[in-house]
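> model this:
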Amino acid sequence: MRKIIAGLFMSLDGVVEGPGPADDFAAAGWSMPYFVPEIGQYIGESGAQADALLLGRATYQGFRAAFANAPRGDPAAAMMNGISKYVVSGTLTEADWVNSTLLGGDMVEEVGRLKAQPGRNINVSGSVTLIQSLLRLGLLDGLDLLVHPVVVGQGRRLFGDGLTARLALRETRTFSSGVVLLSYDVLADPAATSS
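Residues are numbered from 1 along each chain as shown. Sure thing, here's the model as predicted:
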């Protein structure tokens, strides 16, 4: 069975998005001073282990704007345009970016169907609301956090009130800029399975 692995940039105080509107990718500018080539290499390695992306609406629209019409020869755009993308949204009526499919209906059923298909990992990037839902529903298999040595002070946090998770550390890595990778396997949450 395929695994769903979510990857996020996170500050030391747990901020993963903002401050600013959820669809403003520049709002996460706090992470840029810490980006070094080795982080890019890690992201490439992670991407090579997947053959699909699962995205929420805001991340899908942001990625589409950034990559759909990028110049030929841009390797990041080629990868993003070529990979299968599955979009979870209650507001979109179509997903018109190449290789994109809008998931409708019950999320547990739709995502379960994707996981049961043959293939490599399904990566989730950004899409905080989606990641929170996947955690609550017991559908997320892995969580890769790139923790940045900065305290942002405000913005959206992944782990808010009421969200629980049991995690097992799979890997750690320290990058030259002080960013630390914390890779976790998500374990079954007894609270989620008993309700």
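> From now on I want contacts and neighbour counts done on CA atoms only, so please keep to that.
Will do.
> Can you get me a residue count around residue 52?
23 (other CA atoms under 10 Å).
> before we move on, what about residue 5?
26.
> Which strand or helix spans it?
strand 4-11 (DSSP states H and E).
> moving C-terminal of that strand, what's the next helix or strand?
Trace forward from strand 4-11 with DSSP H and E and the next one is strand 15-17.
> Beta-bridge partners for residue 84, please?
Under DSSP bridges, the beta-bridge partners of residue 84 are residue 52.
> any idea how far residue 156 is from it?
Distance, residue 84 to residue 156, by CA to CA, to the nearest Å: 28 Å.
> Could you list the low-confidence segments of the protein?
By pLDDT under 70, the low-scoring segments of the chain are 18-28, 189-195.
> can you pull the contacts of the residue most central in space within it?
The residue lying closest to the centre of the chain (CA atoms, centre = their mean) is residue 125, at 2.2 Å. Contacts for residue 125 were tallied using CA atoms under 8 Å, 6 or more residues apart in numbering; they are 6-8, 53-55, 59.
> at 7 Å what do you get?
Contact analysis of residue 125 by CA atoms under 7 Å, 6 or more residues apart in numbering lists 6-8, 55.
> which of those count as buried?
Among the contacts of residue 125, those buried by neighbour count (16 or more other CA atoms under 10 Å) are 6-8, 55.
> can you list those in TSV and add distance to residue 133?
Shown next, in TSV, are the buried ones among the contacts of residue 125 (distance: CA to CA, whole Å):
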residue	distance to residue 133
6	12
7	15
8	15
55	12
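> Now for the residues you listed: which two are most distant?
8 and 55 (12.6 Å; CA to CA).
> Does anything pack onto the helix or strand containing residue 168? Which helices or strands?
Per DSSP H and E, residue 168 falls inside strand 166-174. On a contact count with 3 or more CA pairs under 7 Å, 6 or more residues apart in numbering; DSSP states H and E, strand 166-174 meets strand 180-187.
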